[in-house]
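In: structure for the following, please:
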Amino acid sequence: MSEHFGTLSDGTPVHRWTLERAGVRVRVLSYGGIVQSVEVPDREGRTADVVLGFPGLDGYLTHPEPYLGALVGRYANRIAHARFPLDGVTYVLAPNNAPNSLHGGERGFDKRVWEVEPVEHGLRLSRVSPHGEEGFPGRLEVSATYTLEESGALRIAYEAVTDAPTVVNLTHHGYFNLAGSGNVGGHELRLDASRYTPVDAGLIPTGVADVAGTGFDFRSARKVGAGYDHNFVLDKGVTDTPVEVAELHDPASGRVLTVATTEPGIQVYTADHLGEPFAPGDGVALETQHFPDSPNRPEFPSTELRPGEVYRSETVYGFSVR
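Out: Down below sits the predicted model:
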């Protein structure tokens, strides 16, 4: 089911689609592939929206920086100094997170209107990113299929092909609050990650370090707290099918979020700098991804995509109570 959600300044209409299954209701916008809301019950059967979002289009246009619920690309997270080498050519990007490039540049995938077509129990979003868009090489044909599974889990499956060598790193930038409101610092988080990537002042990785004996050790569930905007190196590495790697639990409501992914990393952002109208810690983002600055770090899992190859990535967000 779709409805008109608003109109951009150039006259482009934006639509909202609603998916419902197994007691879960998800609303998705054609603008930015944004997951506007995810309504799930608590242990008493009371329903609440467990992701941050705005009630109208103006909120997303006025406050784009949090990337609330958006489909992020071409390159999720940061690329150092807004440039990277590929096949002997240095590509220069917009330094929208000066001096670095963040989440695809000034007008990444989160600020584009996607074509949307219904599929069984879901939606297929697609667009063509032309060669040179935001400085990235290659004409990229990309799709993201959002599906509600029989259990009520939300599956997001990405695919992309290119006509020239490029780099791709796509993610969903939802902020979860399993209580439906308030601070998430008391939520309990578990990550199957024995290592993480420490960062410099610009949040660019400086290498890989063990989590043991540090505040980054979430191998056993503990309170989320605050102060995180870091990539965790998942023990499983890159996989062909999604493997569960994270669990978030709100003891008060009983709601549980599980995250399964094919990706080798997950960025945990405790939303300390969301900005108005939100307060610090109103949500936590769990961004499945390849590592930040991978195009400049050959020792990291590669984000290169070449003609004839197909980029594939899948993440499943499961909801339950206990």
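
In: show the pLDDT at the residue of the chain most remote from its centre.
Out: Within the chain, Gly88 marks the point farthest from the mean C-alpha position, 30.1 Å out by CA atoms, centre = their mean. Gly88 is assigned a pLDDT of 97 by the prediction.

In: go on, Tyr67?
Out: pLDDT, read off for Tyr67, is 97.

In: measure it to Asp110 for me?
Out: Applying CB to CB, to the nearest Å, the value for Tyr67 to Asp110 is 5 Å. For glycine as for every other residue, the C-beta is placed from the backbone atoms N, C-alpha and C.

In: what touches both of these two?
Out: Residues within reach of Tyr67 and of Asp110 at once, by CB atoms under 8 Å, 6 or more residues apart in numbering, are 103, 173.

In: who's more crowded, the two?
Out: Tyr67 (27 against 22; other CB atoms under 10 Å).

In: surely the more buried one touches His103?
Out: Yes - counting by CB atoms under 8 Å, Tyr67 does reach His103; the two are 6.0 Å apart.

In: got any residues that touch both of these two?
Out: Counting by CB under 8 Å, 6+ apart, the residues touching both Tyr67 and His103 are 110, 173.

In: quick one: secondary structure of Ser37?
Out: strand (DSSP: H, G, I helix; E, B strand; the rest coil).

In: for it, give me its contacts.
Out: Ser37 neighbours (CB under 8 Å, 6+ apart): 25-27, 49, 51, 53.

In: other SSEs contacting the strand ranked longest in the chain?
Out: In the chain, taking DSSP state E as the definition, the longest strand is strand 311-321. In terms of contacts (3 or more CB pairs under 8 Å, 6 or more residues apart in numbering; DSSP states H and E), strand 311-321 is packed against strand 35-41, strand 154-162, strand 255-261.

In: which ChimeraX command selects the buried ones in the contacts of Ser37?
Out: Listed next is the ChimeraX selection for buried residues among the contacts of Ser37, using 16 or more other CB atoms under 10 Å:
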select :25,26,27,49,51,53
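
In: let's see which of the contacts of Ser37 end up in strands.
Out: Going by DSSP E, the strands hold 25-27, 49 from the contacts of Ser37.

In: list just the nearest of those residues to Ser2.
Out: Arg27 (10.2 Å; CB to CB).

In: tell me how far that closest one lies from Met1.
Out: Distance from Arg27 to Met1, by CB to CB: 10 Å.

In: okay, now Pro298: neighbour count?
Out: When neighbours are counted by other CB under 10 Å, Pro298 comes out with 8.

In: what's the pLDDT at Arg21?
Out: On the pLDDT scale, Arg21 gets 98.

In: show me what contacts it?
Out: Arg21 touches 121, 148-150, 152, counting by CB under 8 Å, 6+ apart.

In: nothing else from me, thank you.
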